[in-house]
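Participant: Turn this into a structure:
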Amino acid sequence: MMRLEIPLTILSLVLMGGNMFFPWAPAHEIIGVLLIVVWALHVYANRRWFKAVFRGRYNPYSIMQTVVNCGMLVCALFLAISGVMLSNHVFTFLEIESGASFARTAHLLASHWYFVFIALHIGLHVNVIFSRLGVAQLVMKSRGVVVATRIAVALIGAYGVYAFIERGLWKYLTLQQPFFFMDLERGYVLFFVDYIAMIVAFAVAIIFVSSLIRLRQRG
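Facilitator: Sure, this is the predicted structure:
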């Protein structure tokens, strides 16, 4: 499962820049198709979890996890459908001539909510991701490393909050910004730094909420 989440995150970050990263026009659409293919593989690999969504009893943590996972899936579906409708290269053979206005709005809204959900999803699975990569064992070897890591994560998360406001991501999430704008003067490197920091901020937020829920359940 986690082997797919790494390419999912990378592809998602690249696509968040829209067409502005690519001198070759079809690139955004091709990478978008690749993202949906990886997503389909991810859903298939976790089909048992999705089959169990409407079964069993729910507690606050499982409700939160279900909302995040299903929200991410719904956004991915809207991205796929609107992407096909807006296609100027890969899917032109379908000859879709209507619904462009709806598709643009849906694509803009779904892409940014998808980004939020994938960041929250990473936060919910960060322990598993780190254990798979061998990071957890490395960090836990020294108390000093643990403290330094927590400080670094807190600082990156704080910058992520600043980037969220500075990049105006909240405007896309609430449709107050009707079209995507990228400040090219800040450059591509800062774009990735900002969006990675935002992922950290959302991940830290849901880790904190998860910890509170688990403490309350134990109490």
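
Participant: And the contacts of stretch 119-128?
Facilitator: Residues from elsewhere that reach stretch 119-128 (CB atoms under 8 Å, 6 or more residues apart in numbering): 2, 5, 9, 64-65, 68-69, 72, 129, 136, 198-199, 201-207, 210. Using the backbone N, CA and C atoms, a C-beta is placed for each residue, glycine as well.

Participant: Are any of those buried, and if so which?
Facilitator: 5, 9, 64-65, 68-69, 72, 129, 198-199, 201-207, 210 (16 or more other CB atoms under 10 Å).

Participant: Tell me where the protein has strands.
Facilitator: Here the chain has no strands by DSSP state E.

Participant: Find the least confident helix or strand in it, judged by mean pLDDT.
Facilitator: Using mean pLDDT, DSSP states H and E, helix 135-139 stands out as the lowest-scoring helix or strand of the chain, at a mean of 56.

Participant: where are the low-confidence patches of this protein?
Facilitator: Applying pLDDT under 70 to the chain flags the ranges 1-3, 128-142, 219.

Participant: cutoff 50 now
Facilitator: Along the chain, the model assigns pLDDT under 50 to residues 1.

Participant: So which elements touch the lengthiest helix in it?
Facilitator: Criterion DSSP state H: the longest helix present in the chain is helix 187-218. Applying 3 or more CB pairs under 8 Å, 6 or more residues apart in numbering; DSSP states H and E, we find helix 187-218 packed against helix 2-15, helix 60-86, helix 100-124, helix 143-166.
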